[in-house]
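*Asks:* Coordinates only, no sequence provided:
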């Protein structure tokens, strides 16, 4: 496989991850079962995936072994991203992520992309960065998009939503070869836009802590999309909801609404130019 073939393959697979009309993406990570335990019963997990497929979600993120239990028809509608590293909540260091899968396995499973989690500032940061660089190299050879989830987490991190830290995290992902970076949301569309502007690659934001108030949660999605991100990756707020499919559909409508009007973006730029960070 030559590099040109690899890039062509990446381009085609990226289109599977993006919404065809808006070019944005709404991903639902369902890989939490490795770290935290079951997100649903065995039968309930399949039903959850089907609900995502029928409510305008663009893709799901799971570990390699879980792919065996996914409803085949749902994967016709959903992009499949296979997560390649992890840890459990019972580990001595929960921030130490180790590789548990390979790009070649994801290709064999028919994945549209892979993801890797990096905790910037953790005690095992060096090993995690090495893994990210190696995975990026394999993705380039196999033509598979790479989503890097880079979170500032560690003994020296005091504010994981610091825009300066998040801009650094985005550039770490880009410099080591990722195609998309997933970051925490700063909490403000103005400061998040600064992070987006500093990133050479598209940014998706994490769903954040669980919000019981649906209106507040959807407001956070609106606020996030105002910042110019590519989209959102929301796990717990979706699969722990009373109606995961209905809430997913509400999020999808917001994410797939497309870019803000030029007037709204101009107003946001004006606010940004007057803000002090």
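*Replies:* That came through, no problem. What you are looking at is a predicted structure, and each value in this text was computed from that prediction instead of being measured.
*Asks:* now the helices for the chain?
*Replies:* With helices called from DSSP state H, the chain shows them at 3-17, 32-36, 42-53, 72-75, 103-108, 125-142, 163-175, 189-198, 214-225, 236-239, 244-255, 262-274.
*Asks:* I'd like the ones you listed as TSV, with distance to residue 207, mean neighbour count and mean pLDDT appended.
*Replies:* (C-beta placed from N, C-alpha, C; glycine too.) As requested, those are arranged in TSV below (distance: least, C-beta to C-beta, whole Å; neighbours: other C-beta atoms under 10 Å; pLDDT from 0 to 100):
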stretch	distance to residue 207	mean neighbour count	mean pLDDT
helix 3-17	17	15	82
helix 32-36	11	15	94
helix 42-53	14	18	95
helix 72-75	20	14	92
helix 103-108	23	18	98
helix 125-142	22	18	98
helix 163-175	16	21	98
helix 189-198	14	20	96
helix 214-225	8	17	95
helix 236-239	5	22	96
helix 244-255	9	20	97
helix 262-274	22	11	50
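*Asks:* Looking at those, which is nearest to residue 25?
*Replies:* With C-beta to C-beta, the closest approach to residue 25 among the helices of the chain belongs to helix 3-17: 5.6 Å.
*Asks:* ok so, going back, can I get the helices of the chain in a markdown table including distance to residue 148?
*Replies:* Shown next, in a markdown table, are the helices of the chain (distance: least, C-beta to C-beta, whole Å):
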| stretch | distance to residue 148 |
| --- | --- |
| helix 3-17 | 14 |
| helix 32-36 | 17 |
| helix 42-53 | 22 |
| helix 72-75 | 23 |
| helix 103-108 | 13 |
| helix 125-142 | 6 |
| helix 163-175 | 4 |
| helix 189-198 | 14 |
| helix 214-225 | 18 |
| helix 236-239 | 20 |
| helix 244-255 | 20 |
| helix 262-274 | 26 |
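*Asks:* for these, which one sits closest to residue 82?
*Replies:* When the helices of the chain are ranked by distance to residue 82, counting by C-beta to C-beta, first place goes to helix 103-108 at 4.0 Å.
*Asks:* In terms of secondary structure, what does the closest one contact?
*Replies:* In this structure, helix 103-108 packs against strand 113-120, helix 125-142, with contacts taken as 3 or more C-beta pairs under 8 Å, 6 or more residues apart in numbering; DSSP states H and E.
*Asks:* now it: how far from the chain's centre is it?
*Replies:* Between the centre of helix 103-108 and the centre of its host chain there is 19 Å, according to C-alpha atoms, centre = their mean, to the nearest Å.
*Asks:* any residues touching it, and which ones?
*Replies:* Helix 103-108 has contacts (C-beta atoms under 8 Å, 6 or more residues apart in numbering) with 64, 82, 84, 113-114, 135, 138-139, 141-142, 144.
*Asks:* how about the nearest residue to residue 201, chain neighbours excluded?
*Replies:* Using C-beta to C-beta, 6 or more residues apart in numbering and skipping residues adjacent in sequence, the residue nearest residue 201 is residue 174, 4.6 Å away.
*Asks:* The one you found is in contact with residue 203, isn't it?
*Replies:* No - no contact is recorded between residue 174 and residue 203 when judged using C-beta atoms under 8 Å, the distance being 10.1 Å.
*Asks:* Mutual contacts of the two, please.
*Replies:* The contact lists of residue 174 and residue 203 share residue 181, where a contact means C-beta under 8 Å, 6+ apart.
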